[in-house]
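S.K.: How does the following fold in three dimensions:
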Amino acid sequence: MAVSTPAADLRHAAPAPRPRLKRSMGLWMATALVIGNMVGSGIFSLPAVLAGEAGPASIIALVFTAVGALLLALVFANLGRAHPRTGGPYYYARRAFGDFVGFQTAWAYWIAAWVGNAAIAVAFAGYVGVFWGTARTTNWVAALIAVAAVWLFTAINIAGARETGVAQVLTTVLKFVPLAVVGLVGLFYVKGGNFTPFTIHGGFDWHVNAAATLALWAFIGLESATLPAEEIKQPEKNVPRATILGTVATTLLYVVALVAIIGILPQATLAGSSAPFADAANAMWAGTFLGLTWGKWVALIAIAATLGALNGWIMLTARTSLAAADDGLFPGVLARVHGKRGTPVVGIVVSSVLCSGLILYGWNQSFAHRFMDVVLLATWMTLIAYAYAAAAEVVLFIREREMFSWAKLARDTVIASLAFAYSVWAIWGSGEAWLAKGFMLLLFGIPVYVWMKWRQRPAPVASPTGNGHAHLRVPITNSKPPALTGAERS
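M.R.: Numbers count the residues shown, from 1 in each chain. Model prediction:
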């Protein structure tokens, strides 16, 4: 007769439940997360970059890119409604295709996020230099300012999702409203002559294809509401609403601002501008406002934009690693959630340490030029997650039809297929160099995946029959993560 010992009882006892994330973000906080993560530092140079590439025809490029972004937003809205789980693109890819594709998605997105955070922080330091010249002329001072910004919003993220959401709403209002005012008021200052010639290049596409690829960088972040889905109230409703509202609002802002600025500034002036919003404001109103030049007002708006984007992307970085660690594909320490605050403290700190290290590593004179390549590579990796998510929706339509609307099945399948095609086009359009570099970055993740799987190998367990032979006790796992229950959704 076997005798149960306290040690044996302890080994077989159910593990204590992990602290869970808190549902503390409503619709407007989730929408601010989407807008805040999309409207970062890139918007302030976007009109000049597009005008230099395709002239007024860049409006067509932006509209084309906006259509692609809206298709992707509809994909994430559908997936977020059916599966409101932490991890967003990672969760959908793993559910549809299994662990390896799920790991690839998490690996690419996680690296893209914390590398992008370093770029945002460096951009913030650059705009601080408009008011404090030392930050512009002394590289190590700029690096310390960037690192300080990272850890300020690291602390806010650690405090809780609600605190992060409040900061996101505040910074989103501070940047969205002034940019929208410049765009809307600017429409009354448009000069028709600035739209001619409409094309500045020959060829069959007027360089619209290249301009559309450049414009895509400004739309990264449209999926933001899906990653912290388990921290959003009524996620089946609020995740898709926030995704669509945020993407539509940002798209309208971009289109109106681009049309206005192209119409206000002559083509040669715009293409050579380093601050197109400030130049447009000077052309409309001239002089100063409340004692500050328009260049400084734009710098203030840019500071709000970069801080808001940094705040939101620190959140997304940690939620990606949390979801992958929960499934055993990232180190388990990244899955730890602080019981009282309900935040993945370790994941937040680890990503910020890596981000800070990258900033300090590149503090020298050539940092900005070298770092731009890293940022573009990271953005390319985000497109991998978009492609997998769009393909995952079609697979999940087939496998889990009960989770989606039958009445809209044909329409949503077409949308997902078009979104996948658009993502593939954007990846291809980035050029052979980025294709090669991005593929190598994916390959670098394979040893990490193998290591994590090796750690999960079943250990030999002595046979209870006493015949002296060891047998493997292989845990039975469900290859498909369980669907969310009604209680979990509420």
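S.K.: Please identify the buried residues of stretch 84-104?
M.R.: Neighbour-count burial for stretch 84-104, counted by 16 or more other Cβ atoms under 10 Å, picks out 84-97, 99, 101-104. C-betas here are computed from N, CA, C, even on glycine.
S.K.: repeat for stretch 258-272
M.R.: So for stretch 258-272, counting by 16+ other Cβ under 10 Å, buried means 258-265, 267, 269-271.
S.K.: what do you get for stretch 435-445?
M.R.: By neighbour count with 16+ other Cβ under 10 Å, stretch 435-445 contains the buried residues 437-438, 441, 445.
S.K.: now the strands for the stretch 351-490 of the chain?
M.R.: Per DSSP state E, counting those that start in this stretch, the stretch 351-490 of the chain carries strands over the ranges 460-462, 470-472.
S.K.: weakest of these by average pLDDT?
M.R.: Looking at the strands of the stretch 351-490 of the chain, the lowest mean pLDDT belongs to strand 470-472 (a mean of 40).
S.K.: Among the buried residues of stretch 258-272, which lie within helices?
M.R.: Members of these lying in helices (criterion: DSSP state H): 258-264, 267, 269-271.
S.K.: if I pick residue 48, what's in contact with it?
M.R.: For residue 48, the contact set (Cβ atoms under 8 Å, 6 or more residues apart in numbering) comprises 270-274, 276.
S.K.: Now do the contacts for residue 452.
M.R.: By Cβ under 8 Å, 6+ apart, residue 452 lies in contact with 103, 328-331.
S.K.: what about it, distance to residue 446?
M.R.: Separation of residue 452 from residue 446 (Cβ to Cβ, to the nearest Å): 11 Å.
S.K.: what residues are up against residue 112?
M.R.: By Cβ under 8 Å, 6+ apart, the residues touching residue 112 are 378-379, 381-382, 385.
S.K.: all helices of the stretch 201-350 of the chain, in order?
M.R.: 208-216, 235-264, 267-271, 276-285, 294-326, 345-361 (DSSP state H, counting those that start in this stretch).
S.K.: The fifth one: how far from the chain's middle?
M.R.: To tie it back to what came earlier, the one meant is helix 294-326. Offset of helix 294-326 from its chain centre (Cα atoms, centre = their mean, to the nearest Å): 9 Å.
S.K.: now that helix and helix 345-361, what's the angle there?
M.R.: 130 degrees (axes from the mean of the first three to the mean of the last three Cα atoms, to 10 degrees).
S.K.: what's helix 294-326 packed up against?
M.R.: Counting by 3 or more Cβ pairs under 8 Å, 6 or more residues apart in numbering; DSSP states H and E, the packing neighbours recorded for helix 294-326 are helix 27-38, helix 89-97, helix 99-128, helix 139-159, helix 161-186, helix 276-285, helix 345-361.
S.K.: Rebuild those as TSV, extending it with distance to residue 249 and mean pLDDT.
M.R.: Listed next are these as TSV, based on distance: least, Cβ to Cβ, whole Å; pLDDT from 0 to 100:
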stretch	distance to residue 249	mean pLDDT
helix 27-38	6	90
helix 89-97	21	94
helix 99-128	20	89
helix 139-159	23	89
helix 161-186	8	85
helix 276-285	18	82
helix 345-361	27	89
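S.K.: Skip the chain neighbours and tell me the closest residue to residue 190.
M.R.: Counting by Cβ to Cβ, 6 or more residues apart in numbering, residue 190 lies nearest to residue 263, which is 3.1 Å off, once chain neighbours are set aside.
S.K.: Test my guess that that neighbour contacts residue 196.
M.R.: No - contact criterion Cβ atoms under 8 Å: residue 263 and residue 196 do not qualify, at 11.1 Å.
S.K.: Any stretches of the stretch 151-300 of the chain with poor pLDDT?
M.R.: Applying pLDDT under 70 to the stretch 151-300 of the chain flags the ranges 201-206, 274.
S.K.: how about a cut-off of 90?
M.R.: For the stretch 151-300 of the chain, the stretches with pLDDT under 90 are 156-183, 185-186, 189-220, 228-233, 235, 257-258, 261-262, 264-300.
S.K.: okay, which residue is most central for the protein?
M.R.: With distances taken as Cα atoms, centre = their mean, the residue of the chain nearest its centroid is residue 221 (3.8 Å).
S.K.: List the residues that contact the nearest residue to that one once chain neighbours are set aside.
M.R.: Residue nearest to residue 221 in three dimensions, not counting chain neighbours: residue 37, with 3.3 Å by Cβ to Cβ, 6+ apart. By Cβ under 8 Å, 6+ apart, the residues touching residue 37 are 220-221, 224, 308-309, 312-313, 316.
S.K.: Repeat that for residue 326.
M.R.: By Cβ under 8 Å, 6+ apart, residue 326 lies in contact with 86, 335.
S.K.: do you know how far it is from residue 90?
M.R.: Per Cβ to Cβ, residue 326 is found 10 Å from residue 90.
S.K.: ok, back up a step: can you redo the contacts of residue 48 as a markdown table with distance to residue 419?
M.R.: A markdown table is the format used below for the contacts of residue 48 (distance: Cβ to Cβ, whole Å):
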| residue | distance to residue 419 |
| --- | --- |
| 270 | 31 |
| 271 | 32 |
| 272 | 36 |
| 273 | 33 |
| 274 | 34 |
| 276 | 30 |
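S.K.: Go through those and say which is closest to residue 182.
M.R.: Nearest to residue 182, judged by Cβ to Cβ, of the contacts of residue 48 is residue 276 at 10.1 Å.
S.K.: Just to check, that closest one is in contact with residue 45?
M.R.: Yes - using Cβ under 8 Å, residue 276 is in contact with residue 45, at 7.2 Å.
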